[in-house]
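Peer 1: could you look at this predicted model? Sequence included:
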Amino acid sequence: MNNQFCYQSSCFCGDVKLTLTGEPEAMAYCHCDSCRRWSAGPVSAFTLWKPENIEITSGKEKIGGFSGNPGSDHETEVSHRKWCKTCGGHIFTEHPVMGVTDVPAAVISSFSFKPGFHVHYQETVQPISDGLPKFKDLPKEAGGSGQQLSE
């Protein structure tokens, strides 16, 4: 019996669709300026997936993108942010140095988002008291200092 999970994701208008298999490598909140600007919110809820667990099932030709982290002085990698050219809805962000792809939690249908921690909390504009670890930058396993901040 195959117990592998399968989730569907799409842009705002539905022209671009993804199938996600398995479970994400991590689920968390990011408070960095780049993610806040990209998400147009005070905090970004993200899920990280192995690229091989993501399949674009329709609308590949409608995907636009931007590479870089404008205004970011803490990220050494270049992120490849992708969106739908029809509606502008966010689809995913590739992080090649880390070997993962971020799919915003909000665009995954019937997905139970269970964050495990917060990253770049020193940049927060929306403090959140939820008892989860708050990393100044990133966990050590992800190339950060691993330093935690208090709520």
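Peer 2: Received it, and whenever you're ready, just let me know what you need.
Peer 1: separation between His95 and Ser150?
Peer 2: Distance from His95 to Ser150, counting by Cβ to Cβ, to the nearest Å: 27 Å. From N, CA and C alone the C-beta is placed, and that goes for glycine too.
Peer 1: more neighbours: which of those two?
Peer 2: His95 (18 against 5; other Cβ atoms under 10 Å).
Peer 1: that one: what's it in contact with?
Peer 2: Contact analysis of His95 by Cβ atoms under 8 Å, 6 or more residues apart in numbering lists 48, 77, 79, 101-102.
Peer 1: where is pLDDT lowest across those?
Peer 2: The pLDDT minimum for these sits at Glu77, where the score is 59.
Peer 1: any stretches of this protein with poor pLDDT?
Peer 2: Where the chain drops to pLDDT under 70, the residues are 1-3, 68-77.
Peer 1: need the strands for it, in chain order.
Peer 2: Using DSSP state E, the strands of the chain run over 6-10, 17-21, 26-30, 44-49, 54-58, 63-67, 80-84, 90-95, 100-104, 118-119, 134-135, 148-149.
Peer 1: of all those, which one is nearest Gln126?
Peer 2: Of all the strands of the chain, strand 26-30 sits nearest to Gln126, with 9.3 Å by Cβ to Cβ.
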